[in-house]
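Visitor: need a 3D model of the following:
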Amino acid sequence: MTIRSGLSATLAAVVTAATLTAAAAPAQAASRIRACLPSASLNGFSDALDKTSLDGVYAGNLSSLAVDANGRLAALSDRSQLFSLDRHDRPDGVMALADENGRQLDSEGLAIERDGDRLVTSEYEPSVRRYDRHGRLLGQLPVPENLKAYKIANRIFEGLTSDGRTLVASMEGWLTKDGTGIRRFQTWQRGHRGEYRVSSQFAYMGDTGYGISGWRSAPLSMRRRGSPSRPTPSWATSRGWRLPAGAMEFSV
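Guide: Residues are numbered from 1 along each chain as shown. Down below sits the predicted model:
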């Protein structure tokens, strides 16, 4: 199956800087610091959530942010809690998410559709669950069997993004049959009635020591975990959105 052109945005790798050793000379340390790509810029930041709780729930351990249908931010904790934030980035609402048996999720990726539905990944299984704006579970999206059969627990769906038609989940780790250097991306297409069907799966050879921790659309960006000493990969356009050069598409 093929992916429709829809995520018309730019994919950029943002690499976090590794801690320098205490023995490094100041001049050497200065030359080694590479906080992010030269093309990246910081517009601002907020520490409004620092040491913050709401209704006795700690607003920390956050794994993903997404813009809600009302234009405000929602913040997902990997402790199965979903916060809504006010215009000052402070929590003004929180709801607990659960699976079909009422158990907590290993919640990592968050995407919010235009109708307010919340899509949340759990990287352990792996799964993508769909909730309404009140946190009521609506169901699970189908996940290809190869991602379940060759998974490494706690290394699967880490990032999630959607443009309203195409949903993309990124894997933090690798499949056991692929080897440690390959990362996969799974896509779904949303139908006119709001249903999701499995679509294309992509894989590319990444840099050793890197994992993918998040995606965002409009503009589409990717967060990568690893060391700044590794070379930055090149990127190539694929059907309206961008993947690393050499990415391969699979039928699933």
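Visitor: was I right to think residue 112 contacts residue 118?
Guide: Yes: counting by Cβ atoms under 8 Å, residue 118 is a contact partner of residue 112 at 5.7 Å. Where you see a C-beta, it was placed from the backbone N, CA and C, and this is true even at glycine.
Visitor: need the contact list for residue 186.
Guide: Applying Cβ atoms under 8 Å, 6 or more residues apart in numbering, we find residue 186 in contact with 143-144, 147, 157, 168-169, 171, 198, 201, 252.
Visitor: can you give me the helices for the stretch 51-200 of the chain?
Guide: Ranges of helices in the stretch 51-200 of the chain, per DSSP state H, counting those that start in this stretch, are 145-149.
Visitor: if we can go back for a sec, which ones among the contacts of residue 186 map onto strands?
Guide: Among these, the ones falling in strands (DSSP state E) are 157, 168-169, 171, 198, 201.
Visitor: which among those end up buried?
Guide: Buried members of these, scored by 16 or more other Cβ atoms under 10 Å, are 157, 168-169, 171, 201.
Visitor: that older thread, what do residue 112 and residue 118 both touch?
Guide: residue 74.
Visitor: which one's more surrounded, the two?
Guide: residue 118 (24 against 21; other Cβ atoms under 10 Å).
Visitor: quick check: bridge partners of that one?
Guide: residue 112, residue 131 (DSSP bridges).
Visitor: quick one: it and residue 136 touch, right?
Guide: No: the pair residue 118 / residue 136 is not scored as a contact, 10.0 Å apart, by Cβ under 8 Å.
Visitor: adding distance to residue 86, write the ones in strands among the contacts of residue 186 out as a markdown table.
Guide: Formatted as a markdown table, those follow (distance: Cβ to Cβ, whole Å):
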| residue | distance to residue 86 |
| --- | --- |
| 157 | 29 |
| 168 | 29 |
| 169 | 29 |
| 171 | 33 |
| 198 | 37 |
| 201 | 38 |
